[in-house]
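> fold the following for me, if possible:
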Amino acid sequence: EATCCSKLAPCSEHQCADGFESIEKVGLFCRNTTCTQNDTQCCKKSLPPCIDLQCPPEYVHKPDAETTLCKNYTCNLADDLATCCDARQECTARTFAVPPGKVHKNGNHLCAGSLCQ
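Numbering: from 1, shown residues only. Down below sits the predicted model:
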């Protein structure tokens with residue numbers, strides 16, 4: 001075997017293109033003794049971060065939205081709302097202390113974030 005055959009390079013030696021990540025699987029090999037950009041079987045498309053999702057106006061991105069990944073290759077509200085976004089807290093006298101000399105606005109208002117500050 002050593003005289004007639006060469007070992008294929010493992011996919012762990014392959015550098016995936018931007019937007020793709022290595023498939024971590026034992027026994028997955030490049031097509032030759034060295035890996036090339038043509039060895040696409042070694043890579044899969046990267047999942048996008050939550051920051052790519054447009055949260056609805058009554059929501060804000062979670063604090064870890066830049067590092068948390070969406071569930072599919074395209075972020076969407078149906079699958080990723082709970083993972084990526086927090087509901088903005090309603091601004092009421094109970095959730096936000098009104099500073100001296102100011103009055104609480106009437107009506108439904110949302111705080112800038114998931115908690116009023």
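> chain center to the helix or strand bottoming out on mean pLDDT in the chain, what's the gap?
Of all helical and strand segments in the chain, the minimum by mean pLDDT, DSSP states H and E falls on strand 20-22, at a mean of 88. Taking Cα atoms, centre = their mean, to the nearest Å, one finds strand 20-22 lying 14 Å from the centre of the chain it belongs to.
> just checking, what packs against that strand?
Using 3 or more Cβ pairs under 8 Å, 6 or more residues apart in numbering; DSSP states H and E as the contact test, the elements touching strand 20-22 are strand 43-45. Glycine gets a C-beta too; all of them are placed from N, C-alpha and C.
> tell me what the helix or strand just after the strand it packs on is packed against?
On the C-terminal side of strand 43-45, the nearest following helix or strand under DSSP states H and E is strand 59-61. For strand 59-61, the contact count by 3+ Cβ pairs under 8 Å, 6+ apart identifies strand 85-87 as packing neighbours.
> partner strands of the strand it packs on, with direction?
Looking at strand 85-87 with DSSP bridges, its paired strands and their directions are strand 59-61 (antiparallel).
> which of the residues in the least confident helix or strand of the chain are buried?
Of the residues in strand 20-22, none count as buried by neighbour count, 16 or more other Cβ atoms under 10 Å.
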